[in-house]
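In: What would the 3D arrangement of this be:
(2 chains)
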Amino acid sequence: MSGSSTGNNLENRIPSAPPNFIRHIIEEDTRTGKYDGRVITRFPPEPNGYLHIGHAKSICLNFGLSIDYHGDCHLRFDDTNPEKEEVEYVESIKADVRWLGFDWKDHRYFTSDYFDRLYDYAVRLIRMGKAYVDSLSAEDIRRYRGTLTEPGKDSPFRNRSVDENLALFQKMKEGGLDEGECVLRAKIDMAAPNMVMRDPALYRIRKAHHHRTGDKWCIYPMYDFAHCLSDSIEGITHSICTLEFENNRELYDWILDTLKVYHPRQIEFARLNLSYTVLSKRKLIELVTGGHVTGWDDPRMPTLSGLRRRGYTPESIRNFCDRIGVAKRDSMVDLGLLEYVIREDLNKKAHRVMAVLNPLRVVIENYPEDQAEMLTAVNNPEDPDMGARQLPFSRVLYIERDDFMENPPKKFFRLSPGREVRLRYAYFITCTEVIKNETGEVVELRCSYDPATRGGDAPDGRKVKATLHWVSAAHAIDAQVRLYETLFSVENPAAAEDFKAVLNAGSVQTLTGCKVEPSLADAPPGFSCQFERLGYFCVDIRDCVPGRPVFNRVVTLKDMWVKIKDQHQK
RNA sequence: UGAGGGUUGGUGCAGCGGCAGCACGACGGGUUCUGACCCCGUUAACCAAGGUUCGAAUCCUUGACCCUCAGCCA
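Out: Prediction:
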């Protein structure tokens, strides 16, 4: 079991996460003393976008391992491509990792901090005759590479002398060559069965402004060259990345072995796929720039900023990551699991409140006209320490439209003509009359109440089949509530020809004129609560003005009645 | 037709030569001032075929199917 119930205290989480193949490897390495028992991992995002739930899996894995095995986890920004990267992203990434509850201590690095050393390593490779400057065009390089089944052929520039290569590489560095004129390549084997090993590019010319190094450099190292060496420089022991880098491991090893430097071990695991959403950076960017969502933090987005705004807690996401496990096979995690973990967390923590989303006016005819009284409501039945509050009750109330049916089917327990139900924490009421407008729509209910049931229990012991939530009309405050559904209407939108064609048109429904209990008037942004019988909601962190709360639905409560209803309709 | 990986209930993950387990889901029941939570129960899987072994999800062989790789992205 995970020990995450103790809130933010990560050190207390017991050897929490279930066993997985990476833990086996680390434990084996520790046993054999391979890295003197050290465990140093790293989370290496490229600062070119916002973090999403898939990154959370990697963060929880890398930081979690470092905590459980008493090591460190470095936060390293892999900023080797100046054209795509921005400081805005590094700030959001730091905020998201911190929000998730992890601490990189003083281990915050940038690959760009190593540019000088990486350049020196490249020069060493050239001197060893293991790298050369290729003046072939990008297109020719592709042609010379061969195909999956045919070997490539050597570039005519492959046998330039060390001195010529040194001079050319320096010229590249000094800006004497244009973008695309040449690249530095490793000299490995153009007939290698692994395409990655067919003389991969190590450096390219980019006359672009870098967000940290400015205009100091006009050549930038490629991922394959920079990453293994950065891991080596930092003394990483286990370099954990996703499956698509399996083919790159041979090159990772080749570079470190050829240079004879400290050699971490690369281990690959399967990235997260979540049903009813997309987790590729390219697609997420498209959703934002195409205006399909309101931004990176749209509550429907799988980004950490979106989930946070939606009302997900860091604990729930960490717990999710523990539960999905880590393996090498491609899989698709059911969205239902993410909903489960946030319900589980909020059930323990969230205040219960009463809110009526779709109000139906109810007049208690035998209740005095100008009277109001306060009734006691429990804040959280799961946690007595959360106390109780006072709720105003009066003659005119609102209940949920869905809680009344004039001609109820068999399994409908709620209010209907002549039936008695309980108003939570208040009284038993009986519906005595249904008032409709000209079009036949029910606009008001007249009811009677039993004063002896004050607080919600009948002294004579009689039972009711339903308990309804309600608010006092005179005391309730108006609120806007947004109901969210999945962003996509199909389980695997990434498999669609065009993922934008399977967007769910009803992914957000904005309700106005909702009536919430007065205690919510000054709920702070981000405040999470349970609207009893409806779901978990949180106060939006952007769109609120004081006294006029806007709520986002985090997730519904599990609902038996919808199932029964659906079965009836079939 | 090249190379590297992968395949266990509906879903995700364990099990690493000795009774196939956990979680989510689904289904049924109990409880209930939330048709929630909680509790109890049921359901349902080792890709296939050979081989080794007293014994195979696990080791070996062959095959099937799936994923990744032909960026001067990461």
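
In: Any residues of the stretch 151-300 of chain A in contact with RNA strand B? List them.
Out: By the rule CB under 7 Å from any atom of the strand, the part of the stretch 151-300 of chain A lying against RNA strand B is A:179-183, A:193-196, A:200-201, A:204-206, A:220, A:222-224, A:227, A:243-249, A:270. Quick note: C-beta positions are derived from backbone N, CA and C, even for glycine.

In: So which of those residues sit within helices?
Out: A:223-224, A:227, A:249 (DSSP state H).

In: out of the residues of the stretch 151-300 of chain A next to RNA strand B, which are buried?
Out: A:182-183, A:196, A:200-201, A:204-206, A:220, A:222-224, A:227, A:245, A:248-249, A:270 (16 or more other CB atoms under 10 Å).

In: Excluding covalently adjacent residues, which one is nearest to A:Tyr119?
Out: Closest residue in space to A:Tyr119, ignoring its immediate chain neighbours: A:Lys173 at 6.9 Å, by CB to CB, 6 or more residues apart in numbering.

In: Quick check: which ranges of chain A have low pLDDT?
Out: A:1-16, A:570 (pLDDT under 70).

In: Walking through the stretch 1-150 of chain A, point out its helices one by one.
Out: Per DSSP state H, counting those that start in this stretch, the stretch 1-150 of chain A carries helices over the ranges A:21-32, A:53-68, A:87-100, A:115-127, A:138-144.

In: Let me fix that, I meant to ask about the stretch 201-350 of chain A.
Out: A:223-234, A:249-259, A:281-289, A:304-310, A:314-324, A:335-349.

In: Make TSV from the ones you listed and add distance to A:Thr430 to it.
Out: Shown next, in TSV, are the helices of the stretch 201-350 of chain A (distance: least, CB to CB, whole Å):
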stretch	distance to A:Thr430
helix A:223-234	71
helix A:249-259	72
helix A:281-289	50
helix A:304-310	40
helix A:314-324	41
helix A:335-349	32
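
In: quick revisit: how about the helices of the stretch 1-150 of chain A, which one is nearest RNA strand B?
Out: Each of the helices of the stretch 1-150 of chain A was scored for nearness to RNA strand B using CB to the nearest atom of the strand, and the closest is helix A:138-144 (3.5 Å).

In: Could you report the neighbour count for the residue of the stretch 351-500 of chain A found nearest RNA strand B?
Out: Using CB to the nearest atom of the strand, A:Gly456 is the residue of the stretch 351-500 of chain A that sits closest to RNA strand B, at 1.8 Å. Number of residues near A:Gly456 (other CB atoms under 10 Å) recorded here: 17.

In: I'd say it and A:Val421 touch.
Out: No. The pair A:Gly456 / A:Val421 is not scored as a contact, 11.0 Å apart, by CB atoms under 8 Å.

In: shared neighbours of those two, which are they?
Out: Jointly contacting A:Gly456 and A:Val421 under the rule CB atoms under 8 Å, 6 or more residues apart in numbering are A:428, A:467.

In: Looking at the stretch 251-400 of chain A, which residue is nearest RNA strand B?
Out: Counting by CB to the nearest atom of the strand, the stretch 251-400 of chain A gets nearest RNA strand B through A:Gly325, at 2.4 Å.

In: Number of residues surrounding that residue?
Out: 15.

In: how close does it sit to A:Ala270?
Out: 10 Å (CB to CB, to the nearest Å).

In: Out of the ones in helices among the residues of the stretch 151-300 of chain A next to RNA strand B, which is nearest to RNA strand B?
Out: A:Tyr223 (3.4 Å).

In: Looks like the closest one contacts A:Pro44 (just checking).
Out: No. Using CB under 8 Å, A:Tyr223 makes no contact with A:Pro44, being 9.8 Å away.
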